[in-house]
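1. Show me the folded form of this:
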Amino acid sequence: MKKNLLFITCVLFVLVTRAQVLFNEVYTDPAAGSNEFFELYNTSTSSSPISLDDYTIVVYFENSKDDRGFYVMDLPNLSIGPKGFFVGASDLPFDYQGVKNSTAADFSWNSSAFTSNNGYVKEWRLQPNNTYAEVSLPSNFNDFFFRRLGAGGTYSIFLYNKGVLAESLIFGTGGATAVLPAIINMPPLFVDMTASSPDFTIDFSTYGSIKIETVMQDAGNDNGYYRVGDGYCGGWTKSDNQGQHNPHVSNGYVDGYGGTISVTAVITRGTALTGSQITYNVISAPSSSFPVTLDLYRDEPTLTRLEANDIYVASNTETVVTDGPFTTPFTPYDANMLVVVKSSIGCIDKVMFIPNLSVLPVKLIYFQGNRDNEKVRLQWNVAQNESSDRFEIEKSYDGKTFTTTGLMLSTTTTGSETYSFSETGNNKEKIFYRLKMIDKSQRVEYSRIIVFQPKLIAEKNLTIINNPAHDRLTISFESAVDQNIDVKVYDLLGKLRMVQPMNLYQGSNLLNLSLPSSLSPSMYIVEVANKTERYSAQFIKQ
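-> Model prediction:
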């Protein structure tokens, strides 16, 4: 017997696997003389390559109501390395977007080597009796990613792993945000896989609620679609000029500032003997993102981004936001870490670089600031000020590359001391600030990063940044004037549990408060008040 037949119920089929292999590029509309291609990307934590023998691509085609069906590609028995790329094209070498005779493909679906490696491409056309018949494809087939005419999605592409839906893509004009009704109404499609890969049947009637990724733009001529960062969730965009497609080359790296899933992570530094540990947790995310997977890597070498040389350490999954936090030990004790945050379909929401810094005797109580038009004011307070030597104020426009924009020498005050710094800056740009603290023995520690959004999208009134909160609460407040205010925290019975005087400046202010240990896990109300106005919001302390 060739293999086992995979029977999948309708209930199981609406579930999308938390895939490790995803589409990264699709070159749907080659110019005359050019070739279609697609690129897959491996987000797996495994150090071993993944075989693509069990992967299948299905594309819907429709010329008219009476001429429609599916192209099915059983991928060959080849492999894709960790954090690596895999490219299939209609020819090899192949041409694309002005590039001639490229060899950046792993196979051509029109070659004899493709079929000898357990691969095939077939056309299954719908018949009047509501069944499918296989139709012979032309030689040098170069229309696998079929351009469908009419309202709705121009391209509907599905990726399967062992018969389970791994990814759904809808590209093109028409504003389709769900699978087309025409596809949902198609009869079940039986897929006969080669070699030991399990056969399976696709029940399209269950596809009305599956998760999809989409771009609502037509590819035009000599273009297609690509992710702006390798494996980046929702990072698809339309290519519109030559050079945007780069088979077998990174499209860009996912950073820690985009995405929709909020995660906290902190390293507790140990010694060479004991090692260190990192604590990490999802604090908020859209419900559709769950289960969320948190993959830990040692950043080797320290490039602050996910690459093939990074060393996998551990993974944890949160099915709901309350599942964390998690704590994982690691060695060497001074290693920098990456937290790779992946959503339910296995794409990468963000990659957070967590620096491993030594602990200073100087204790930062708060670091806050505001921006009013082009004026930026920063303020911070430290305990054990006598241990500090100087403070460097660092600025960045991308959240990655920081440069020193100011220097302040420590005062001679013993105990608590407050410092402030101001400068002018373009209020139409997003600006990141952090504080570099150097003690008298020249050890270095960094503050958290605070971000000022462009003026057009600045937060209004009172907004909680980290909800739920742990030991600290960060809020954003828009103040009409320079003023002194009280930040108060009440429990749900109205009892005042904390009060902190603050200086606000005209414009957007970011305030960072230490929450007392006496606050047990529960819901609280934070209030910002002056003599005439009060603003409040609820938050959860975990």
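2. the helices in the chain, which residues?
-> Using DSSP state H, the helices found in the chain span residues 10-13, 112-116, 181-184.
3. could you point out where the protein is predicted with low confidence?
-> Across the chain, the ranges flagged by pLDDT under 70 are 1-19, 150-152, 173-175, 358-361, 427, 441, 453-461, 492-494, 530-534.
4. Geometric centre of it: which residue is closest?
-> The centre of the chain sits closest to Asp349, judged by Cα atoms, centre = their mean, with a distance of 1.4 Å.
5. Is that one in contact with Ser288, as I believe?
-> No: the pair Asp349 and Ser288 fails to qualify as a contact (Cβ atoms under 8 Å) at a distance of 11.6 Å. For glycine as for every other residue, the C-beta is placed from the backbone atoms N, C-alpha and C.
6. okay, and the common contacts of these two?
-> Counting by Cβ atoms under 8 Å, 6 or more residues apart in numbering, the common neighbours of Asp349 and Ser288 are Ser343.
7. ok, and the closest non-adjacent residue to the residue at the greatest distance from the centre of the chain?
-> What lies farthest from the middle of the chain is Thr412; by Cα atoms, centre = their mean that is 45.3 Å. Leaving aside its chain neighbours, Thr412 sits nearest to Glu386 (7.8 Å; criterion: Cβ to Cβ, 6 or more residues apart in numbering).
8. Verify the stated contact: that neighbour with Gly415.
-> Yes: the criterion here is Cβ under 8 Å, and Glu386 meets it with Gly415 at 7.5 Å.
9. hey, where'd the strands end up in the stretch 401-542 of the chain?
-> Counting by DSSP state E, counting those that start in this stretch, the stretch 401-542 of the chain has strands at residues 403-409, 417-424, 431-439, 444-446, 450-452, 462-464, 472-479, 483-491, 496-504, 507-514, 522-529, 534-541.
10. Ok, the stretch 251-400 of the chain next?
-> Using DSSP E, counting those that start in this stretch, the strands assigned to the stretch 251-400 of the chain run over residues 262-271, 275-284, 292-298, 311-318, 326-330, 337-342, 348-354, 363-372, 375-383, 388-396.
11. pull the CA atoms of the fifth one into PDB?
-> Looking back up the chat, that one is strand 326-330. Extracted in PDB, the C-alpha atoms of strand 326-330 (Å, rounded to 0.1, in the frame of the first residue of the first chain):
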ATOM      1  CA  PHE A 326       7.700  32.400  32.200                       C
ATOM      2  CA  THR A 327      11.300  32.400  33.500                       C
ATOM      3  CA  THR A 328      14.100  30.600  31.700                       C
ATOM      4  CA  PRO A 329      17.700  30.200  32.800                       C
ATOM      5  CA  PHE A 330      20.500  30.500  30.300                       C
END
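12. Give the buried residues for it.
-> By neighbour count on 16 or more other Cβ atoms under 10 Å, the buried set for strand 326-330 is Phe326, Thr328, Phe330.
13. which residues does the last one contact?
-> Contacts for Phe330 were tallied using Cβ under 8 Å, 6+ apart; they are Gly275, Ser276, Gln277, Ile278, Leu296, Arg298, Val313, Met337.
14. Go ahead and confirm the first one touches Asp334.
-> Read that as Gly275. No: counting by Cβ under 8 Å, Gly275 does not reach Asp334; the two are 9.9 Å apart.
15. Asn142 is in contact with Asn35, isn't it?
-> Yes: applying Cβ under 8 Å, one finds Asn142 in contact with Asn35, separated by 6.1 Å.
16. So between the two, which is more surrounded?
-> Asn35 (20 against 16; other Cβ atoms under 10 Å).
17. Quick check: that one touching Gln97?
-> No: applying Cβ under 8 Å as the test, Asn35 and Gln97 come out as separate, 10.6 Å apart.
18. Identify the contacts common to these two.
-> Tyr27.
19. still on that earlier bit, quick one, which of the strands of the stretch 251-400 of the chain is nearest to Ser47?
-> Closest to Ser47 of the strands of the stretch 251-400 of the chain, according to Cβ to Cβ: strand 311-318, at 6.6 Å.
20. Can you spell out which helices and strands pack onto the closest one?
-> Identification of packing neighbours for strand 311-318 by 3 or more Cβ pairs under 8 Å, 6 or more residues apart in numbering; DSSP states H and E yields strand 275-284, strand 292-298, strand 326-330.
21. swap the cut-off to 10 Å and go again
-> The elements that strand 311-318 packs onto, with contact taken as 3 or more Cβ pairs under 10 Å, 6 or more residues apart in numbering; DSSP states H and E, are strand 275-284, strand 292-298, strand 326-330, strand 337-342.
22. Those strands into a markdown table, with extra columns for distance to Phe146?
-> Converted to a markdown table, the helices and strands packed on strand 311-318 look like this (distance: least, Cβ to Cβ, whole Å):
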| stretch | distance to Phe146 |
| --- | --- |
| strand 275-284 | 39 |
| strand 292-298 | 33 |
| strand 326-330 | 45 |
| strand 337-342 | 30 |
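23. picking that back up, now render the strands of the stretch 401-542 of the chain as CSV, adding distance to Tyr71 and mean neighbour count.
-> Output for these, formatted as CSV (distance: least, Cβ to Cβ, whole Å; neighbours: other Cβ atoms under 10 Å):
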stretch, distance to Tyr71, mean neighbour count
strand 403-409, 52, 12
strand 417-424, 58, 15
strand 431-439, 46, 20
strand 444-446, 52, 15
strand 450-452, 46, 19
strand 462-464, 48, 17
strand 472-479, 50, 20
strand 483-491, 60, 17
strand 496-504, 61, 15
strand 507-514, 52, 21
strand 522-529, 53, 16
strand 534-541, 49, 15
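24. would you list the ones you listed in a markdown table and tack on distance to Val191?
-> Below are those laid out as a markdown table (distance: least, Cβ to Cβ, whole Å):
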| stretch | distance to Val191 |
| --- | --- |
| strand 403-409 | 55 |
| strand 417-424 | 62 |
| strand 431-439 | 49 |
| strand 444-446 | 53 |
| strand 450-452 | 48 |
| strand 462-464 | 49 |
| strand 472-479 | 50 |
| strand 483-491 | 58 |
| strand 496-504 | 61 |
| strand 507-514 | 53 |
| strand 522-529 | 50 |
| strand 534-541 | 47 |
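25. what are the ranges of the strands in the stretch 101-250 of the chain?
-> 107-108, 120-126, 132-135, 155-161, 164-171, 189-191, 200-202, 213-215, 223-227, 236-238.
26. Could you give the backbone dihedrals for the residue farthest from the centre of the chain?
-> Note on Thr412: its backbone torsions stand at phi -90, psi 10 [degrees, to the nearest 10].
27. quick one: it and Lys83, what's the gap?
-> Thr412 sits 51 Å away from Lys83, going by Cβ to Cβ, to the nearest Å.
28. repeat for Gln20
-> Noted for Gln20: a distance of 11 Å to Lys83, by Cβ to Cβ.
29. overlap in contacts of these two?
-> Tyr41, Asn42, Thr43, Ser44, Thr45, Gly231 (Cβ atoms under 10 Å, 6 or more residues apart in numbering).
30. Give me the neighbour count for the fourth one.
-> Neighbour count of Ser44, defined by other Cβ under 10 Å: 20.
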